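**Q** Predicted model, plus sequence, below.
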Amino acid sequence: QVQLKESGPGLLKPSETLSLTCTVSGGSISSYYWTWIRQSAGRGLEWIGRIYGNGDTIYNPSLKSRVTMSGDTSKNQLNLKLNSVTAADTAVYYCARAGYGGWGIVDYWGQGTLVTVSS
Amino acid sequence: DIVVTQSPDSLAVSVGERATINCKSSQSVLNSSNNKNYLAWYQQKPGQPPKLLIYWASPRESGVPDRFSGSGSGTDFTLTISSLQAEDVAVYYCQQYYTTPWTFGQGTKVEIK
């Protein structure tokens, strides 16, 4: 059973960098596609991007200039960085697995972590 | 981006009755080369992440009760709960994965009448 757990600061100031880690158990990150999705009251569910274990990434064009995803196979962890945050980046951030060959079928989700951007 | 629109935004159904949620995409998500519709349905209960119910528009994820069914093709899709149970109270989302960025509908809240 794959389990994912997000961690990172819950409160940021505008212009800071959001950094989240997702620890994966029950499966190697090298063998699957993984994705980050955020959810806010204003924007609903928003796809941030996808990463394969070898580091191959695709980002949402709306966030591409500010996002970096990476993986640490030695720790079986995924990382998300989002630069220059504003209040509009306040959301629950989920890491998840894009199973079924990497198509956007999100079959395992973390519990999510709330990130609030406020001065 | 493909825009995905659900209707209604909310509905209230009696226990044991049928609930129907519609999902429309701004362009076809049917791949004619493999005849697959790149559309999924998720259920989200309060305080929980979304849970995958249906993928490729109709196959159920393992463990999903058979009262949940998906149908449709091209741009118009439906999630049906054939006999609503109290535990089905949730927000339901459809999602297209035909192209990136993957996009979700705004959600439909299902309640008990």
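**A** Sure thing, it's come through. Numbers count the residues shown, from 1 in each chain, chains lettered A, B, ... in the order given.
**Q** so the residue nearest the centre of chain B, which of the three states?
**A** Centroid-nearest residue in chain B: B:Trp41, 3.4 Å away (criterion: Cα atoms, centre = their mean). Secondary structure, DSSP: H, G, I helix; E, B strand; the rest coil: B:Trp41 is strand.
**Q** Not counting its neighbours along the chain, what's nearest it?
**A** Closest residue to B:Trp41 apart from its sequence neighbours, by Cβ to Cβ, 6 or more residues apart in numbering or on different chains: B:Ile54 at 4.0 Å. Every C-beta, even on glycine, is put in place using the N, C-alpha and C of the backbone.
**Q** my guess is that neighbour meets B:Asp66, correct?
**A** No. B:Ile54 lies out of contact with B:Asp66 (Cβ atoms under 8 Å); the separation is 11.6 Å.
**Q** between those two, what contacts are shared?
**A** Common contacts of B:Ile54 and B:Asp66, defined by Cβ atoms under 8 Å, 6 or more residues apart in numbering or on different chains, comprise B:Arg60.
**Q** Chain B: strands as residue ranges?
**A** B:4-7, B:10-13, B:19-25, B:30-31, B:36-37, B:39-44, B:51-54, B:68-73, B:76-81, B:90-96, B:103-104, B:108-112 (DSSP state E).
**Q** mind showing which ranges of chain A have poor pLDDT?
**A** For chain A, no stretch is flagged by pLDDT under 70.
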